[in-house]
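>>> Here's my sequence, what's the structure:
(one chain, ligands or ions: 2)
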Amino acid sequence: MLIIGLTGSIATGKSTVSNILSSPPYSLPIIDADLLARKVVEPGTPGYKAIVNYFGTSTPDLLLEDAPSNPAGKPLNRPALGRRVFGVSEERKRDRAVLNGIVHPAVRKEVYKALIWHYVRGQWAVVLDVPLLFESGMDLICGTVVVVGVHDPAVQMSRLRARDSYLTAEDAEHRVRSQGDVLTKAEQAEFRGTASKRGVVVWNDADKPELERAVTVAMREIQASSPRWWAWVLLVAPPVGASVAVWNLAVNFATQKSWERKKREDKAKL
Ligand SMILES: CC(C)(COP(=O)(O)OP(=O)(O)OC[C@H]1O[C@@H](n2cnc3c(N)ncnc32)[C@H](O)[C@@H]1O)[C@@H](O)C(=O)NCCC(=O)NCCS
Ligand SMILES: Nc1ncnc2c1ncn2[C@@H]1O[C@H](COP(=O)(O)OP(=O)(O)OP(=O)(O)O)[C@@H](O)[C@H]1O
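Ligands and ions are numbered 1, 2, ... in the order given. Take a look at the predicted model:
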């Protein structure tokens, strides 16, 4: 089974692309990390308890007090928690790291469960929609990484504010700046190998029909590099499947290390 990692930065169009991929003719299953990140912090979960313990005393509006009563607790007030963790100050970065430390391991566990489910059902490919794919190291398990990019941050900001009208310009800027630069993510995808289709960039600077065309081209190439019969071979011959998985991990690990080395060398040159 081909794992297609789908990433980008905030409001660059990941969900729009994942909607295209979940519809015919592709009809691919989608594992959405943002959805899982909501599930693992629902009232009563260990994630919820850890967040309330850490952020509760210093964030008076952390819970939605008006929500219907639930024995497991009031739901989290996500915009309030977002104001606490998005931004570039040291305090925000520290709080974001704490929140990530609570949420990411729980999300990873859910992702692995979902991957096993789709694998045993004989899917030829599955889309792993993770905004922080590279940052969380989940790119290591992906056969292909697709980055949805926008060249102009102003376009990103205006799409974000048009969609989430409750965000002030300052909130929107904090959110955009809390995620890595999408151009760097595009470069990292290309570094994985565009010829082998280990890395693909889909630009979303123009309108939605243009985005659909770019997805069609990308999917045609990805399908050619990993045909359906290959997924069946991996399923019916588990030793082959396991060897290919180990090989992919090794290649991705080596690529990640050389990418980090390149970034360090580029920085040293400045
Ligand atoms: C801070 C929270 C409560 C704000 O929730 P809210 O509903 O207002 O925003 P939403 O979750 O839709 O996120 C908005 C955008 O910010 C991105 N984002 C979310 N968390 C982070 C983070 N830790 N660092 C950078 N970007 C992030 C999302 O991917 C999305 O693109 C929420 O984003 C959260 O729990 N974040 C930590 C978990 C996480 O990293 N999720 C991303 C997928 S694993
Ligand atoms: N090419 C486009 N032209 C116009 N609007 C677009 C285009 N692509 C996406 N949008 C709109 O921009 C907004 C952001 O897109 P989308 O939700 O797909 O981004 P995202 O990367 O999933 O965002 P997030 O990281 O916040 O989840 C949506 O309202 C979407 O309809």
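
>>> how about the strands of the chain, start to end?
Per DSSP state E, the chain carries strands over the ranges 2-8, 30-32, 125-129, 144-149, 199-203.

>>> mind putting the ones you listed in TSV, distance to ligand 1 included?
C-betas here are computed from N, CA, C, even on glycine. Formatted as TSV, those follow (distance: least, C-beta to the nearest ligand atom, whole Å):
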stretch	distance to ligand 1
strand 2-8	9
strand 30-32	9
strand 125-129	9
strand 144-149	11
strand 199-203	17
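
>>> Please state the backbone phi and psi of Pro71?
phi -60, psi -30 (degrees, to the nearest 10).

>>> Look up how far ligand 2 lies from Asn53.
The spacing between Asn53 and ligand 2, counted by C-beta to the nearest ligand atom, to the nearest Å, is 27 Å.

>>> same thing with Leu6?
Applying C-beta to the nearest ligand atom to Leu6 and ligand 2 gives a distance of 9 Å.

>>> Which per-residue confidence value corresponds to that residue?
According to the prediction, Leu6 has pLDDT 98.

>>> can you tell me which residues contact it?
Leu6 sits next to 14, 17-18, 21, 127-130, 133, 146, 148 when contact means C-beta atoms under 8 Å, 6 or more residues apart in numbering.

>>> again with Val215
Residues near Val215 by C-beta under 8 Å, 6+ apart: 17, 20-21, 202.

>>> Now, these that are in helices?
Those of those mapping onto helices are 17, 20-21, per DSSP state H.

>>> For ChimeraX, what selects the buried ones among those residues?
In ChimeraX syntax, the buried subset of the ones in helices among the contacts of Val215 is picked out as below (16 or more other C-beta atoms under 10 Å):
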select :17,20,21
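
>>> Among the ones in helices among the contacts of Val215, which one lies nearest to Arg177?
Nearest to Arg177 out of those is Val17 (C-beta to C-beta; 22.6 Å).

>>> For ligand 1, state which of the ones in helices among the contacts of Val215 is nearest.
Val17 (13.3 Å; C-beta to the nearest ligand atom).

>>> Identify the residues contacting stretch 223-243?
Contact with stretch 223-243 is made by 1-2, 119, 122-125, 143-144, 196-197, 244, as judged by C-beta under 8 Å, 6+ apart.

>>> Would you mark the buried spots in that stretch?
So, applying 16+ other C-beta under 10 Å, buried residues of stretch 223-243: 226, 231, 234-235, 241.

>>> Report how many residues lie close to Asp34.
Neighbourhood size, Asp34 [other C-beta atoms under 10 Å]: 14.

>>> wait, isn't it in contact with Asp129?
Yes: counting by C-beta atoms under 8 Å, Asp34 does reach Asp129; the two are 7.4 Å apart.
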